[in-house]
Structure formats: structure tokens, C-alpha cells
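J.: After the sequence you'll find the predicted model.
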Amino acid sequence: HAMGNSCGAMHKYTDLTDTEPKYQGGFIWDYIDQSIYKKDRYGKEFQAYGGDFGERPTDYNFSGNGIAYGGERDASPKMQDVKFNYQNISAKVEKDQVTIVNKNLFINTDTFDCFVVLAKDGKEVKEVPMETHVAPLSEKTVSLPIPVQNLPGEYAVTVSFRLKEDTVWAKRGHEVAFGQGVYKVEAPAKAVKPARFEVIRSGHDFGVRGENFDVLFSYLNGGLASYRYGGVEMIQMIPRPNFWRAPVDNDNGSLMQMRCGQWKLASMYLSHKYPTGGHYPGMHIPEIEVLDDSAKITFTYAMPTTPATECKLSYQVYGDGSIRTTLTYDPVEGLGDMPEFGMMFKLDADYDNVTWYGMGPEETYVDRCAGAKLGVYKNKVEDNMAKYLVPQECGNKVGVRWATVTNRKGRGMMFSGDKMEFSALPYTPHELENAMHPYELPQVHYTVVRVAKQQMGVGGDDSWGAQTHPEYLIPIDKKLEFTFTFKGI
């Protein structure tokens, strides 16, 4: 049921066609969002849904379940995985060979042009044509026309099948199927001389200063109060641990807010202070450690959940201005599924250009990323706002090695980690959740960056009770730890 941000774990259905001879298949409900152009009170057009014309009873946005948007009927981000799941040729790519499985009933793979594309660290190095002759309903393993690389780097090898001629439905060169394999060649470790830094202490603050940056941690306010790089303040608010996402339509159907609402409370109201029952609250004093190559400060946050929980957030500041950040959580029984485990930053809205090395080009989630390719992609922050009828979680990217958010001069912040999840939107999850139409969203003042170990999958079996499949949930029964680095550029 492709309602809003959906189609998660769809591959589990289409995979059955390869393993179950009697499997009859199924269908996606629906093809196009059933919406109608309407103007809001200020004359701006939007996609209206049930109830927007004053009619009652109504099903509201329940017919907003297309893989194509209403209006101009352009493809929604869900289409990326739908197309991949439906492709009739699969390519299992290894370093030096590819196994091509032709699932077509009548067409040989030589009906299409086949190309092998090599990319290093997300940038295309070469593209080489490759002849294939795999008969219908058969498979063949062939050697790749590109040798295995031995220079240090991460390599993505993509085998792509494309139309040879124009058709009534697509032009020559349109990709009808692909497969991608990734391998790494490790570089020998290099000894790097640490950059010098200076530590400044006061009664209420702890600071670190280097050649191009200075940071200020506030004891009173419980976090990173300032990060200036090149003399420019980079953050608009103290970064916070985040455990919440704006509910998607499938979440509404499965009552995710009721089951997991403790994590929204934790995200909104966690604090380094805690109630004592007396006149003054207690306060967790941050732990500080000054090392030869860095200075480290760790904050402990109390979270107003039932039962009560805590998380720890440590910042390790290096002399080059990079800050290695680690969020940890020790499990407590009795809390619902955690929608997200990560951090949220607020930057000025001038930082509206996004570049990332990870899965793309469309938004991806842990249960909807099979149709994505590893690469370097660029867009604007506003482009990450998918046009779902009701504002909800959108714009996420999985498998991110690094991402930058910059202004028109190229200044900004870089975030890097080990296949982390990343998003940059004009709104917080809470602002998205409060709006039932795009015109209800506030004016844009910030770029909201969320960096996460994981966000739970979006689901998609149905939108009236089905929950995210267990393998795509965050395992909150064991200790969670997430480390990433950010730095001004």
C-alpha cells in the first residue's frame, strides 16, 4: 500500500517470484495520488485531498497512495525501488565477474545495450560496453571487461542494461535494469601530526581553540553552544540527540505514535538537568578529558520516559577543527520501538546545498534502498521535501560515507561516518508532524540536519495496522552506540 512514504520491504514480495513457483504475485495499491488542485486562502495552489472541500464523511488523504504524485504525475521517490523490484534482468556483480539472470520469457539480453561503469569513491572513472547473450529464463556468469583495481579507494561496479532504440515509452539509453557491487582497497595507515589546540576553562564553560576554529561547551545549557569555523558561527542551536521522526502514513495506521511516543518526549525534553523533588533541579556535570591530540567532553542527558532513561553524548575536539561525536544509550525494558537513533543540528537556512556520498539519487530507508546506487549526489535542501500529500518523514539517505551542507560560497559543514543515515530538511520532525498540508508548514529559517546510526524502516504491507518488519527496526534490547565526525569547510 503505497500511501505517503511507503513501499518498504516490497522486495520481500517480489523476491518470492524467484523462490516460489506457485507464487502468483500481487499489485501495488495505487498508481497515482488521487488529489485535486486547489488554492489556499492566499491563492497558492496545493494538492487537495478528502475533506479539503468541506465534504463529510471523508477518507481524508487515504487515496494519496500512488507511486506517482497527483497533479503533474511525476514519479515519487518510491518509484526507484519499485522499478528495481520489477526489473526482469538481475546482475549479481562481484569484483571481476557478473552473474546475469534473465527472467524474461522471450527476450535475450542482447536486445539491450550493456555497459559496465566503474566509480572510485563515488566518482565515475570509466564506462565500457559489454556484450551479453543470456537466453530467456537462464543465467550466465561472465568476466567483467574492467580489471580489479588495486589502488586504495572504494570502488562501485555497476552493470547497466539500456534500450538500444527509442520506444513509445522511453528513449534510447533508458536504463531497464542494473546491478551494482562494491569493494574496497584499504590504504596503509599514515602517521598524521596532530594540529595544535588550546583549552580555555571558566566557571560555566569549556572551550577549545585551534588555528581556524573555536568551540564553546556550556555547562549551564548542557551542550555545544558555539562552533565557529573561519570566524563564522556554524550552528544556530545546541545540537541534540534525536530519537523521533515525523510519522509516515503507515506509522499512523499502526499507531506508532502511541506505541513509541516516549521517544518523542525524550527528543523534545531531554536535559542535562533532572528533577529532585526539591526547589532546585539536579544537574549532570560533564566529564572532561584533555589528551595529547584532542580534548573530550561528555554530557549525560536525563530523558523523561517511563521508565526513566539516560543517554550520553561525547564530543572529541581535534586541532584541525574536526569533532568526533559519539552518542550512547544503554537499554531499558518497557519502552516502544525507537524510530531513530542519532543527532539533530540546526544550521542557518543559507546553507541550502547538499552533497552526499552514499545511496541515491532518491531518498532511501533501511527497508527501501535496493534500487539505489552508491555515488556522489547533489541537490538543494528543499528538493529533499518529497511531495507527499500530508507532510511526513522524507529525504533520508542511507549508506552515507560523507555529506556536506554548504552556502552559495561553498562554506558550511561536513559530516562523515561509517555508512550512516543522513538528511537535510527545512523543518524539524516536530514541525513536519504538526502540518496536515504543506501550506501549514512554517516559514523556513533553518536547515535541519539529522545524522543517525539508523532510522526504522517505513513499512508498506498496508497502512491500517502493519508495522515495520522486525529486521528493519533499531535493536533497542542492546547497547546502542553511534559515532560520526563533523567539521567546518
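T.: Happy to help now that I have it. Since we're looking at a predicted model, the values are computed, not measured. Numbers count the residues shown, from 1 in each chain.

J.: And for residue 291, the neighbour number?
T.: 10 (other Cβ atoms under 10 Å). (C-beta placed from N, C-alpha, C; glycine too.)

J.: ok, so what distance separates it from residue 314?
T.: Separation of residue 291 from residue 314 (Cβ to Cβ, to the nearest Å): 12 Å.

J.: Excluding chain neighbours, what is closest to residue 186?
T.: Counting by Cβ to Cβ, 6 or more residues apart in numbering, residue 186 lies nearest to residue 152, which is 6.5 Å off, once chain neighbours are set aside.

J.: That neighbour: what's it in contact with?
T.: If you count contacts by Cβ atoms under 8 Å, 6 or more residues apart in numbering, residue 152 has them with 185, 186, 187, 188.

J.: Highest neighbour count among those?
T.: residue 185 (13 neighbours).

J.: unless I'm mixing things up, it is touching residue 120, no?
T.: No. Here residue 185 does not reach residue 120: they are 9.4 Å apart, not a contact under Cβ atoms under 8 Å.

J.: Now do stretch 187-202: everything it contacts.
T.: Identification of contacts with stretch 187-202 by Cβ under 8 Å, 6+ apart yields 152-153, 206-211, 290, 292-295, 317-320.

J.: Give me the buried entries from these.
T.: 153, 206, 207, 208, 209, 210, 294, 295, 317, 318, 319, 320 (16 or more other Cβ atoms under 10 Å).

J.: Reformat these as JSON lines; add pLDDT, distance to residue 483 and secondary structure.
T.: Below are the buried ones among the contacts of stretch 187-202 laid out as JSON lines (pLDDT from 0 to 100; distance: Cβ to Cβ, whole Å; DSSP: H, G, I helix; E, B strand; the rest coil):
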{"residue": "153", "pLDDT": "98", "distance to residue 483": "22", "secondary structure": "strand"}
{"residue": "206", "pLDDT": "98", "distance to residue 483": "21", "secondary structure": "strand"}
{"residue": "207", "pLDDT": "98", "distance to residue 483": "23", "secondary structure": "strand"}
{"residue": "208", "pLDDT": "98", "distance to residue 483": "19", "secondary structure": "strand"}
{"residue": "209", "pLDDT": "98", "distance to residue 483": "24", "secondary structure": "strand"}
{"residue": "210", "pLDDT": "97", "distance to residue 483": "21", "secondary structure": "coil"}
{"residue": "294", "pLDDT": "97", "distance to residue 483": "14", "secondary structure": "strand"}
{"residue": "295", "pLDDT": "98", "distance to residue 483": "17", "secondary structure": "strand"}
{"residue": "317", "pLDDT": "98", "distance to residue 483": "14", "secondary structure": "strand"}
{"residue": "318", "pLDDT": "98", "distance to residue 483": "14", "secondary structure": "strand"}
{"residue": "319", "pLDDT": "97", "distance to residue 483": "19", "secondary structure": "coil"}
{"residue": "320", "pLDDT": "97", "distance to residue 483": "17", "secondary structure": "coil"}
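
J.: Quickly name whichever of those residues is closest to residue 427.
T.: If you rank these by distance to residue 427 using Cβ to Cβ, residue 317 comes first, at 29.3 Å.

J.: Excluding chain neighbours, give the residue nearest to that closest one in space.
T.: Once flanking residues are discounted, residue 317 sits nearest to residue 208: 4.4 Å by Cβ to Cβ, 6+ apart.
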